[in-house]
Each structure stands twice: as structure tokens, then as C-alpha cells.
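1. 3D, please:
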Amino acid sequence: MSSGRTKIVFLYIAVGIFLFGASSVAKAATAYMATGGGAFGTIDLNTGVFIQLGLTNGVPVVGLALVGTTLYADGQGTGNNRGQLYSVNPASGALMSIGSPTGIDFTAFGSYGGTLYALDHSSANANLYSINSSTGAATLIGPTNTGQPLAGYWALSTNSTALYFSLNSNLYTLNTSTGQATVVGGLGGSIQVGAIVEVGGVLYAGQDSPQPPLKIVSLNKSTGAATVLSNVTNSPGSNASYIYGLAPTITIQNYYFSDLAFGGGFQTTLTLINYSPQAVTCTTNFYSDSGGPLTVPFTQGAISTRTDVLPAGGSVHDQTVASLTAAVAEGWAQSSCTGPIQASLLYRYYTNGVAVSEAGVNAETEPTTEFATFAQTATGVAYANPSTTQSATITFEVYSAAGAKLGSQIVTLGPLQHSAANLGPLLGLSSFTGFVKITSTIPIISLSLNAEAFPVISSLPPGDLPSSTTLVTP
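-> Here you go, the predicted model:
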């Protein structure tokens, strides 16, 4: 900126892991934007179309940043009100103070690797600070040593693969341990920027110069060169010639685990892999059969909710630590993540403390109303209702290898409820081999596991089908 997410003994365990909208997320190029006039909204970084959502309480911000699913801003203030950290309502732009003002004249604000950073305006070289996202407290890291104060046009990047800093006509990277700036290169032409954000691997910036029309540019990470992408349209505010903040829009990816188990000889391992170049935060909630919180024993304690911050390239592989001799406990889980990841559950069965069998499932579908997969008497099926408001009426129908309908059963699951069963006992069949058709009145999650030779278990194809699929009838 410028100065101006029926117990069964053998545990057929089925897991569903579902990612919503992967293709649309990969192509997204939108960001939250704040202007010098206090306007807040979203902008299409490719077309420049700005949609105003509200105002930042009349407080001009010096930058936007996203950590996990929380949007932050630091506001321009005077005197002892300088350096006030805010959380930002992404629906309206309304600000809520976090802690007390630091009194430091911060004029650039951003984030990298899940940490908030700011630059001051009072130092001859500009000092880099880290900002505590819970308290707003600032910790001095060190000077940038650019040889010039923050005068003219400047910006600190948000959610980027490095912490970038632009000062007038140059792009730098900042060492987050020392504050030292390393020049990348010149922006070129007369372009100066006031906000930088990385979305989909592309470094975007907003023009910070009183030379309308306002522009969105891309920045070459290797050379610093700026390329004009679009002019900003629908730009509001009395000081709309300045873009003071850009941050990725909050897109929650939901992953569903249709069964988990621990105790009774079983342990479950949760695996989350962040393959993206940006940090991802995942919040996982565990639910019991009744839909209430399920307390799951991990190394960090017995918890019903866990939050994992995955740095770029980071991963989690965490096994439960339940007593193997305790009664088996089952349920399901949902992970809500701020970006796309790979997620799976691994089930291990132990005899006398020795692992004798395991199965991992990595499904690739979303909740649906129709399923069809191989089944026989011992096949286990797990199913859960992810809706928080609606009950699901689920019909199970099994067919012989010759296509004859052998039996059916109807089960009702309330909101967030879960159940599991062996198909033979569920339908009152002593022996069959064929397939199972599952239909539901609302989208559910469900996967099956083969247990013909228990304790050896293996996952079956998920069998999820589009809700409009025409299925066999008796």
C-alpha cells in the first residue's frame, strides 16, 4: 500500500473420503479485496470484476491475510491506536478487534506458512514483525535492510510460497527468521502495487497508484516482472484508486470418513497430505452412532475435534492409541480443510498385540443417493448421514449373481447419525453372493469392505453413483 472439516465384531470398516469441487477449486482465481476507501468484497483476478460485500467499519486496512479459515486485517490508526489486529467477517467486511493496539505504525501486512507478518513505517529500513493471531502481539524479527524506508508504494504478500515484499519498483523476498530482504527483480514500467496474493500458484498484485483505471497484475516469481491482466471494474469508494489488501477466498473442502473404529483389537490411522504449495488447515470432527461427539484417543489426548495445520508439502499420519482389549467403538468423521488434500484412514486389526491385518480406503466421490457394489454374506457396509438437519431413509437391496432380488431392508438415520452392519444378518440371509444396491432419500456416505476371510479384510470399490443413475428394479 502507499502512504496515502450395529457394531460388528470383524470390523468391515468402510471409509469414505470425499472431495468437493476439486476441478473448480484448481481453476479459481478470486480473492477478497479491500480498498483504501474501506470497501470490502471479492475480485475475479482474471477479469477484474469486483463485487462489494460491505465496508471495513470505515477503517482503512494496511493488508489482508488468511490463516486457516480466519481472515485478518491490520488497520491504519493514529497514536496509540496504531497496529490494531482485526478478524474480518468474510461475508460483510466487518472488523472485530483482537487484543490491544501495539502502537507500532504498521503499513504492510500479510501472511506466510500460517503466520501473520507486518512491516513498520517508522524505521529507515523497515522492520519485519510476526503477529500473534490470537492476541495481536507483535514480535520484532529484524530489519529488511533495503536501504530505504517505506516511502512511496509497498506491499507484503499473503498465502504465498515465500514472503514477498514489494517496494516501489522492486520485488523482494523476506527471510522470516531475520527480516533480511533479497531482491527478486524489477516490476517494470510504472507499475507499483499495494497488495500481493498467491492463488493457484500464481502471484497476483493490485495496483497502488493514483493512476486510474485500477489494475490487477501477475508477478513473475523469478524475475519480479509484472504483467497487466485486467482493469478493475465496479470499483467503489472515495479512495478506490488504491488496493490495500488481497487474500484468498475461503473455500472449504469437505472429506468424509464413513467409518472409524478403535478398541476391540482395532486401531485407526488418520492420514492427511497437503500436496499443494500453500498451507492448509483441516478441522476434523468425530461423530458417534447417535450423531453426537465421539471422543477418539490420539497421542495428543482423547478428543472429538482436532485441527491440523499442514504446511506446503506437509502431512499427518496419526494412529489412535486405544486399549486393544477395550470394547470396540465406532463412528464416522468429517474433515473440513481450507484447501485440497489427500486423505485416508487405515484400519489395523491386532491379535495378542500383533498386527495381523489392515485395510486402507481412499474413496473419490461425494455424498450421493445411490450406491452399487459387490457383496456377499460377510460384506460389511458402513453408512452415515452428513446432513445436520435432515433424516435419511436408506434402502438396502441385494441381488444374486443371476440378477434375482434376494431381500431388502430399510434403515432411517437422523442428522449426523451412523450405523454399520454385515449384509447377511442385516437382511436375514444365511448365504448369498452378488451385489448390494443402496438408495437414500438424501445424499449419504457409504463404503463396503470384504471380510470373506476375516481377519483378512480388504476394501471394495466405493460403488457411489450419480443420483440420477437408473438402477435395476425387481
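2. could you use CA atoms for every contact and neighbour count after this?
-> Fine.
3. looks to me like Ile438 is in a strand.
-> Yes. Secondary structure of Ile438 (DSSP: H, G, I helix; E, B strand; the rest coil): part of a strand.
4. can you give me the neighbour number for it?
-> By other Cα atoms under 10 Å, the residues close to Ile438 number 23.
5. wait, it sits on Thr368?
-> No. Using Cα atoms under 8 Å, Ile438 is not in contact with Thr368, being 10.2 Å away.
6. name the nearest residue to the most centrally placed residue in the chain, ignoring sequence neighbours.
-> Taking Cα atoms, centre = their mean, the centroid of the chain lies closest to Thr338, which sits 1.6 Å from it. Of all residues beyond its chain neighbours, the one nearest Thr338 is Ile252 (4.9 Å), with distances taken as Cα to Cα, 6 or more residues apart in numbering.
7. and Leu426, helix, strand or coil?
-> helix.
8. dump the residue contacts of it.
-> Applying Cα atoms under 8 Å, 6 or more residues apart in numbering to Leu426 gives the contacts Gln409.
9. repeat that for the one 4 residues further on.
-> Taking Cα under 8 Å, 6+ apart as the criterion, Ser430 is in contact with 377, 424.
10. helices of the stretch 101-250 of the chain, start to end?
-> Along the stretch 101-250 of the chain, no segments are classed as helices by DSSP state H, counting those that start in this stretch.
11. hmm, back to that, okay, now the residue nearest to Thr338: neighbour count?
-> When neighbours are defined as other Cα under 10 Å, Ile252 has 20 of them.
12. isn't Lys405 right next to Tyr399, touching?
-> Yes. Between Lys405 and Tyr399 there is a contact at 4.4 Å, judged by Cα under 8 Å.
13. who has more neighbours, those two?
-> Counted by other Cα under 10 Å, Lys405 and Tyr399 do not tie: Tyr399 has more neighbours, with 22 against 17.
14. in what helix or strand does that one lie?
-> Using DSSP states H and E, Tyr399 sits in strand 392-400.
15. extract the CA atoms of that strand and return them as PDB.
-> The C-alpha coordinates for strand 392-400 follow below in PDB (Å, rounded to 0.1, in the frame of the first residue of the first chain):
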ATOM      1  CA  ALA A 392     -32.200 -40.200   5.600                       C
ATOM      2  CA  THR A 393     -34.300 -43.200   4.700                       C
ATOM      3  CA  ILE A 394     -31.900 -45.800   3.300                       C
ATOM      4  CA  THR A 395     -33.000 -48.900   1.400                       C
ATOM      5  CA  PHE A 396     -30.600 -51.900   1.100                       C
ATOM      6  CA  GLU A 397     -31.400 -54.400  -1.600                       C
ATOM      7  CA  VAL A 398     -29.200 -57.400  -2.500                       C
ATOM      8  CA  TYR A 399     -29.200 -59.400  -5.800                       C
ATOM      9  CA  SER A 400     -27.900 -62.800  -6.600                       C
END
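16. next helix or strand past it?
-> strand 405-413.
17. and that next one, how far out from the chain middle?
-> Distance of strand 405-413 from its chain centroid, counting by Cα atoms, centre = their mean, to the nearest Å, is 36 Å.
18. buried ones in that strand?
-> 405-408, 412-413 (16 or more other Cα atoms under 10 Å).
19. give me phi/psi at the residue nearest to the centre of the chain?
-> Per-residue torsions, Thr338: phi -80, psi 0 (degrees, to the nearest 10).
20. check Leu45 too.
-> phi -70, psi -10.
21. I'd say the residue nearest to Thr338 and Gln334 touch.
-> No. Applying Cα under 8 Å as the test, Ile252 and Gln334 come out as separate, 11.8 Å apart.
22. all strands of the stretch 301-450 of the chain, in order?
-> Ranges of strands in the stretch 301-450 of the chain, per DSSP state E, counting those that start in this stretch, are 301-303, 305-310, 315-319, 329-337, 342-351, 354-361, 368-376, 380-384, 392-400, 405-413, 418-422, 433-453.
23. what helices and strands are in contact with the longest one?
-> Counting contacts by 3 or more Cα pairs under 8 Å, 6 or more residues apart in numbering; DSSP states H and E, strand 433-453 packs against strand 253-262, strand 368-376, strand 380-384, strand 392-400, strand 456-459.
24. work out for me the element the closest residue to Arg306 other than its chain neighbours sits within.
-> Here the nearest residue to Arg306 in space, its sequence neighbours aside, is Thr284; by Cα to Cα, 6+ apart that works out to 5.3 Å. Using DSSP H and E, Thr284 sits within strand 280-287.
25. which residues sit against the very next helix or strand once past that strand?
-> For strand 280-287, the following helix or strand on the C-terminal side (DSSP H and E) is strand 296-298. Applying Cα under 8 Å, 6+ apart, the external contacts of strand 296-298 come out as 286, 302-304, 318-322.
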